[in-house]
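Engineer: Turn this into a structure:
(chains A and B)
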Amino acid sequence: MSDAIDRWLLRPAPAERLATLRILVGGYAVVFLMVRLPGFLDVFDLPRDQFTPVGPLVWMSSPLSPDLARVVMAITVAAGVAFVAGWRWRVSGPLFALLFLAVTTYRVSWGHVLHTDHLPALHLLVLGFSPAAAAWSMDRRRASDTPAPSERFGWPVQIMVLLLVITYMLAGIAKLRYGGFDWLTGDVLRNQIAFDNLRKVLIGDVHSPVGGWIVRHPLLLRPFATVSVLVELGAFVVIVLPWIRAWWAAAAWLFHVGILVLMAIAFPYQLSGIAYAPLFAVEVLATRVLAKLPGRRSSPALQRVPTG
Amino acid sequence: MPGRAGARTPPTASVRVVGVRQRTQARAAALACVVLVGLVPVALDRDSFPLSTFPMFASARTSSETVDTAVAVAGARVWRLDPERIAGTDEVILAAATVSDAINAGHADRLCGEIATRVARSGPADASDIEVVTERYDALEWFAGRRIPLERIVHARCPVPPRAT
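Structural biologist: Numbers count the residues shown, from 1 in each chain, chains lettered A, B, ... in the order given. So this is what the prediction gives:
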């Protein structure tokens, strides 16, 4: 058992795989912060007595002043750009990972925990403290060689996979724990879709007309509910049966598309596909894209190192 | 995290040392993930950030649930207000939480005044008053076209201040 875990965990990977994940996840986080900047700024002006710090900010007794919070946001975005570029990695890697954790924690410290930022925050923590700038980075721009594939580039990727699997399985467990087996029959999901869409109507937000329609056809929801729980609880298959990972990733992605269509709720990290990138040899695709860029010198093809 | 062999260590030993360090770090990280991210939130039954039980859409809701919100009114006319005008945020859940917190803390009047100020700046021009309310509907009935509230409690009502011309 221990040997099997070690074989899975310590699988060597090329430095470019971790570098590609650094660029993808870091790029996602920077774009997310910039696109959602108005939402973050709104939160800074919420009533101070609504501040209910959670997680790593639970020690805070009062919120930051809005001006200081804006400065922290600006530093976070700047650190994110350095993170993506792999510039001064020993500082920018951990700094951005921790700052992203801090600002996203701050955003959900006002009375309700949103669940869209957990996985990118956890993935960034793994990347930020890993050698993810050993290739394709500003720090390595003058280096003539690229490190050979190694377990030190592999295990952080496997930890990202493990986090992906754990978060999905927890979501599946929660549905059965709190919703009971009625979740599998679609009854709980039907009420959830109806309530969530009605709340959006009553609070003047965009709701899903498809969701409003489908709650009147409960038989259609039954397979969606069952498959949703199976996809979440079955996430571990990407570890024990690696050949199935593409199918599982596609099913999980479609599950989030379903949530978007039925409830107008977007999980952008999952919908972008980047959440599932650690499951694949993403550096191969990245090399192909780079090779097609105009004016780019051809570089030797990467040795194909399997995932798993 | 990257292991670094000593400069004077023979190559074979260097490889072995790096391997041992990596193995230890990797095992520790994997164990930390399973325990901290997987087991602790479930054991504590606590939804937090970034550790969570991920209870999205999991609670056993019935079809009739209450929603705390705020509306603009003028006589019998009712305008639904968006999260920006209700709470100064574009997050619908956060707006609902803001209204619920104000009601539970006995601050519904204060929130009503803040909303009225925002509505005076950029809201329905004909609205005369703001109401902070708890409404309960049968959500399934609502989407079937029967939109009579099962219950409606007005926690605060306040006038929209005169608009600047």
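Engineer: So for residue B:93, what's the pLDDT?
Structural biologist: For residue B:93, the model assigns a pLDDT of 83.
Engineer: List the residues that contact it.
Structural biologist: A:112, A:114 (Cβ atoms under 8 Å, 6 or more residues apart in numbering or on different chains). C-beta here means a position set from N, CA and C on the backbone, and glycine is covered the same way.
Engineer: Secondary structure element for it, which one?
Structural biologist: helix B:92-104 (DSSP states H and E).
Engineer: ditto for residue A:38
Structural biologist: Assigning secondary structure by DSSP H and E places residue A:38 in helix A:37-44.
Engineer: mind listing what's buried in the next helix or strand after that helix?
Structural biologist: Using DSSP H and E, the helix or strand that follows helix A:37-44 in sequence is helix A:66-85. For helix A:66-85, a neighbour-count test (16 or more other Cβ atoms under 10 Å in any protein chain shown) marks A:69, A:72-73, A:76-77, A:79-80, A:82-85 as buried.
Engineer: any idea how far helix A:66-85 is from the chain center?
Structural biologist: 19 Å (Cα atoms, centre = their mean, to the nearest Å).
Engineer: what sits up against that helix?
Structural biologist: Contacts of helix A:66-85 (Cβ under 8 Å, 6+ apart): A:22-23, A:26-27, A:29-30, A:33-34, A:37, A:40-41, A:44-45, A:63-64, A:88, A:91-93, A:95-97, A:99-100, A:102-103, A:106, A:124, A:128, A:137-138.
Engineer: cool, stretch A:200-209 as well?
Structural biologist: Stretch A:200-209 has contacts (Cβ under 8 Å, 6+ apart) with A:193, A:197-198, A:261-264, B:67, B:69, B:80-83, B:85-86, B:92, B:95-96, B:135, B:137, B:142.
Engineer: which stretches of chain B have low pLDDT?
Structural biologist: Chain B contains residues with pLDDT under 70 at B:1-18, B:164-165.
Engineer: Strands of that one, residue ranges please.
Structural biologist: B:64-74, B:77-80, B:129-138, B:151-159 (DSSP state E).
Engineer: Taking helix B:92-104 as reference, get the angle to the longest one.
Structural biologist: Think strand B:64-74. Computed by axes from the mean of the first three to the mean of the last three Cα atoms, to 10 degrees, the angle separating strand B:64-74 from helix B:92-104 equals 80 degrees.
Engineer: quick one on the thing from earlier: pLDDT for the buried residues of helix A:66-85 - can I get that in a markdown table?
Structural biologist: Output for the buried residues of helix A:66-85, formatted as a markdown table (pLDDT from 0 to 100):
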| residue | pLDDT |
| --- | --- |
| A:69 | 93 |
| A:72 | 95 |
| A:73 | 96 |
| A:76 | 97 |
| A:77 | 97 |
| A:79 | 98 |
| A:80 | 98 |
| A:82 | 98 |
| A:83 | 98 |
| A:84 | 98 |
| A:85 | 97 |
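Engineer: and of the residues you listed, the nearest to chain B?
Structural biologist: For those, the closest approach to chain B (Cβ to the nearest Cβ) belongs to residue A:69, at 14.0 Å.
Engineer: Which strand residues bridge residue B:131?
Structural biologist: Here residue B:131 sits in beta bridges with residue B:71, residue B:157, going by DSSP bridges.
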